[in-house]
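[1] Sequence and predicted structure are below.
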Amino acid sequence: MASPNVVFVITDDQGYGDLGCHGNEIIQTPNMDQLYTESVRFTNYHVGPTCAPTRAGLMTGRYCNCTGVWHTIGGRSLLRQDETTIAVFFKAAGYRTGMFGKWHLGDNYPFHPHNRGFDTAVYHGGGGVHQTPDYWGNTYFNDTYFRNGTPEKFRGYCTDIWFDEAKNFIEDCGDQPFFCYIPTNAPHGPFNVADPYRELYQGDVPDQRARFYGMITNIDENVGLMRDFLKEKGLEDNTIFIFMTDNGTAGGCNLDNEGFLTDGYNAGMRGKKGSEYDGGHTVPFLFHWPTGGYTEGRDIDTLVANIDFLPTLCDLCDIPISDEALDRINGTSLKPLMEGTDTWPERVLVTDSQRVEHPIKWRKCATMTQQWRLINGEELYDIQADPEQRTDVSTQYPDVVEDLRTHYEAWWGQVSERFDEDVPIIIGTEHEPVSAITTHDWHNEDSQCAWNQGTIRSGLLCNGRWAIEVPEEGDYRFELRRWPREENRTIVEGIPGKLTPYYGGRAIAVTTARIRIDGEEQSQTIESADKGIPFTYRLEAGQKNLETELTDGEGVSLGAYYVYAERVG
């Protein structure tokens, strides 16, 4: 049998309950609903409670905390250079590899998708369109995205562009097998969508939810168009088509302070995006492959997780994994489950939501078995008898609590070995001659940073440090800016218009720029016409801390939101 192709669609912030086939009577997802009837469905499938951690687990088959990724910002969403991605394995086996949409595992070398095994990558910056590393002024419509690191102007809506580029990639592959990864940024906020999609739900749900649902319906249309495209090209039968989401819902419901539903729909679960309860990390997983015999709707309720994705796909596609690489992988192939095995070992899996500079033991964690959920090391729920996690039975089953705490301790020992290490941005290489480093990757203890373009416009007074690596001794230039180069404004200048996420920007009358690299400080006066302040350092090779400050000398102090670093001479 010829090697199967793979089309892997993952949406952003769409929860388990944001599908018609999962009981949501309002949302319109006819194409996903049809795929549901033709797929193997893992109904007990778990991910990280937020974006980047889920992606790290999918791409590597390893617990995200092992990979350097336990946050979505703050230099803790960068996939360590020594991690091997699924794209590397498929590429080595003769596949063409493409990625279209949201990467969210780093915006500089060596973290770009085209540095990590993807032949072709079209993507936005950061964890969403309009975040700080993204091209300035993007709004979801007619944006500038990056193709293998080079900015390129596109026409149309973001989701439509990702799917259209994926189709172009598939056509270009000819007879060569392909791995096509489509991680949409939608329906992540801001909830921008064309009016006809919003109007489908207007009056039935609050406006923000109407927008959120409209974004999902647009994704659904694209899923249908992609499946039609594969059929027209004669590729449908031997293409594995996978649909999943990355965490619990961000817009499909409202919850009370304890995580219980107050309005909307959450498929009977407690918690949503960011939560350690099941609603934060239980997501749909649909698997369809006609040639492999996976065309009829069938549920598998066995406890599984995103770390199983890589070993499963490699197993099904006969992609070799070396013994050394296999020893590092935390997940296991689900092929026996899909083939109907009667024997499957009891597993204990852990997921958590850290979102801090340095991980904290027991923080927002779920230690899971087929029957039990131990939450934060204290609360115990029988998930089979109590799927909404309303009744804590920890005092009734102290032996279960102790056993699961022991498993968590072992897991923590495994994932915490490198918590003290930074994951540095490597500057001054041929792979990225000029590194545009942004506040998105600032390290600071309170996680306060200007992580999106709205906070840049508002002039948020915050600061942090960057972890950088100098590959070899030489002279390096660092240009400090408030606005990115494509905005082309002076440091002290504001943007005319009302202050909103897309229009106005506050002026800040700073007068001095400072930079410090491993304790060596330089400073310059900021003149009114300065758009950037350049500094040059002679640096030895090695990892270093980079810090900046823009100040007026009278109490206003902030870091440079953008630093452009390059080797000179």
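    Great, that's in hand.

[2] Can you check the pLDDT for Q453?
    Note for Q453: predicted pLDDT of 88.

[3] give me the low-pLDDT residue ranges for the protein?
    Counting by pLDDT under 70, the chain has low-confidence residues at 447-448.

[4] Give me the buried positions along the longest helix belonging to it.
    When the chain is parsed with DSSP state H, its longest helix is helix 207-232. By neighbour count with 16 or more other Cβ atoms under 10 Å, helix 207-232 contains the buried residues 209-224, 226-227, 229-230. Placement of C-beta: from N, CA and C, glycine included.

[5] Give me the contacts around the next helix or strand after that helix.
    Next in sequence after helix 207-232, counting helices and strands by DSSP states H and E, comes strand 239-245. Strand 239-245 is contacted by residues 4-16, 18, 32, 35, 39, 45, 47, 223, 227, 230, 283-289, 292, 313, 316-317 when judged by Cβ atoms under 8 Å, 6 or more residues apart in numbering.

[6] and the angle from strand 239-245 to helix 207-232?
    170 degrees (axes from the mean of the first three to the mean of the last three Cα atoms, to 10 degrees).

[7] what lines up beside the next helix or strand after strand 239-245 in the sheet?
    Next along the chain after strand 239-245, taking DSSP H and E as the criterion, comes strand 253-255. As defined by DSSP bridges, the strand partners of strand 253-255 come to strand 261-264 (antiparallel).

[8] For this protein, which segments are assigned as helices?
    30-37, 51-60, 86-92, 158-172, 195-199, 207-232, 278-281, 309-316, 323-328, 335-338, 398-415, 453-458.

[9] Same list, those, but as CSV with distance to N24 please.
    Putting the helices of the chain into CSV (distance: least, Cβ to Cβ, whole Å) gives the following:
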stretch, distance to N24
helix 30-37, 10
helix 51-60, 21
helix 86-92, 30
helix 158-172, 19
helix 195-199, 16
helix 207-232, 9
helix 278-281, 14
helix 309-316, 25
helix 323-328, 38
helix 335-338, 26
helix 398-415, 32
helix 453-458, 30
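
[10] Need the contact partners of the top strand by length along the chain.
    Longest strand in the chain, counting residues (DSSP state E): strand 542-551. Here strand 542-551 makes contact (Cβ under 8 Å, 6+ apart) with 422, 424, 437, 463-470, 478, 480, 482, 491, 508, 510-518, 526, 557-560, 563, 565.

[11] closest one to D382 among the helices of the chain?
    Closest to D382 of these, according to Cβ to Cβ: helix 398-415, at 9.2 Å.

[12] which helices and strands does the closest one pack with?
    strand 349-352, strand 365-368, strand 372-375, strand 379-382 (3 or more Cβ pairs under 8 Å, 6 or more residues apart in numbering; DSSP states H and E).

[13] Name the stretch among those that sits most buried.
    Greatest average neighbour count among the helices and strands packed on helix 398-415 goes to strand 365-368 (a mean of 26), per mean count of other Cβ atoms under 10 Å.

[14] mind checking how far it is from the chain centre?
    Relative to its chain's centre, strand 365-368 lies at 21 Å (Cα atoms, centre = their mean, to the nearest Å).

[15] For the remainder of this discussion, apply numbering that starts at 9.
    From this message on, residue numbering opens at 9, which makes the last subject strand 373-376.

[16] Quickly run through the sheet partners of it, with directions.
    strand 357-360 (antiparallel), strand 380-383 (antiparallel).

[17] can you give me the strands for the stretch 359-508 of the chain?
    373-376, 380-383, 387-390, 433-434, 442-446, 473-478, 482-489 (DSSP state E, counting those that start in this stretch).

[18] I'd like those strands written out as CSV, with distance to G102 added.
    CSV is the format used below for those (distance: least, Cβ to Cβ, whole Å):
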stretch, distance to G102
strand 373-376, 37
strand 380-383, 42
strand 387-390, 46
strand 433-434, 29
strand 442-446, 32
strand 473-478, 32
strand 482-489, 38
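
[19] Of those, which is nearest N193?
    Nearest of the strands of the stretch 359-508 of the chain to N193, taken as Cβ to Cβ: strand 442-446 at 17.2 Å.

[20] and the closest one, what does it pack onto?
    Against strand 442-446 (3+ Cβ pairs under 8 Å, 6+ apart) you get strand 570-576.
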